[in-house]
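# here is a sequence together with a model predicted from it:
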Amino acid sequence: MNRERLNHLITILENVAPARFDLNEWKCGTTACAIGHACLDPELNRQGLYLERVAGDWGAWTPSYGDSRSWGAVQAFFDLNFSNTLHLFAHDSYHDEGEAPVRPQEVIARIQQFMKDNP
């Protein structure tokens, strides 16, 4: 895992208002999920992570890193396996449908616990 990048993501998320956070969307107008906010960060952009418009799908965006797209890009950028990527960042790994929205602080806590559990 790339701890430096995960720690930087924590810093990003600490500054995201809950109203601008939606774990269901990479990027949707003024809201984004954890990875959407990461893809909008200038430092992580310099490291190669960015949002790319999905061809043929107006308004759809996906994370990109190197030759990888979507969850593969997230996995490669943060040097995680697929299961850990979904555990940290996928909406379905947090709440059952219909429960309260996931807050940035919940994602931060999960990342911190994951790094603690995987020295």
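Sure thing, it's come through.
# could you say which helix or strand contains the residue nearest in space to the middle of the chain?
Centroid-nearest residue in the chain, with Cα atoms, centre = their mean: residue 35, separated by 2.0 Å. Secondary structure from DSSP states H and E places residue 35 in helix 34-39.
# try residue 62
strand 61-65.
# by contact count, what packs against that strand?
Where contact means 3 or more Cβ pairs under 8 Å, 6 or more residues apart in numbering; DSSP states H and E, strand 61-65 is packed against helix 34-39, strand 50-53, helix 70-78. The C-beta positions use only the backbone N, C-alpha and C, and glycine is treated the same way.
# neighbouring strands - and their directions - for it?
strand 50-53 (antiparallel), strand 68-69 (antiparallel) (DSSP bridges).
# buried stuff in it?
61, 62, 63, 64, 65 (16 or more other Cβ atoms under 10 Å).
# ok, now stretch 107-119?
Neighbour count says stretch 107-119 has 107, 108, 110, 111 buried, by 16+ other Cβ under 10 Å.
# can you redo those residues as JSON lines with pLDDT?
Formatted as JSON lines, those follow (pLDDT from 0 to 100):
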{"residue": "107", "pLDDT": "95"}
{"residue": "108", "pLDDT": "97"}
{"residue": "110", "pLDDT": "97"}
{"residue": "111", "pLDDT": "98"}
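# name the nearest residue to residue 118, sequence neighbours excluded.
residue 1 (6.5 Å; Cβ to Cβ, 6 or more residues apart in numbering).
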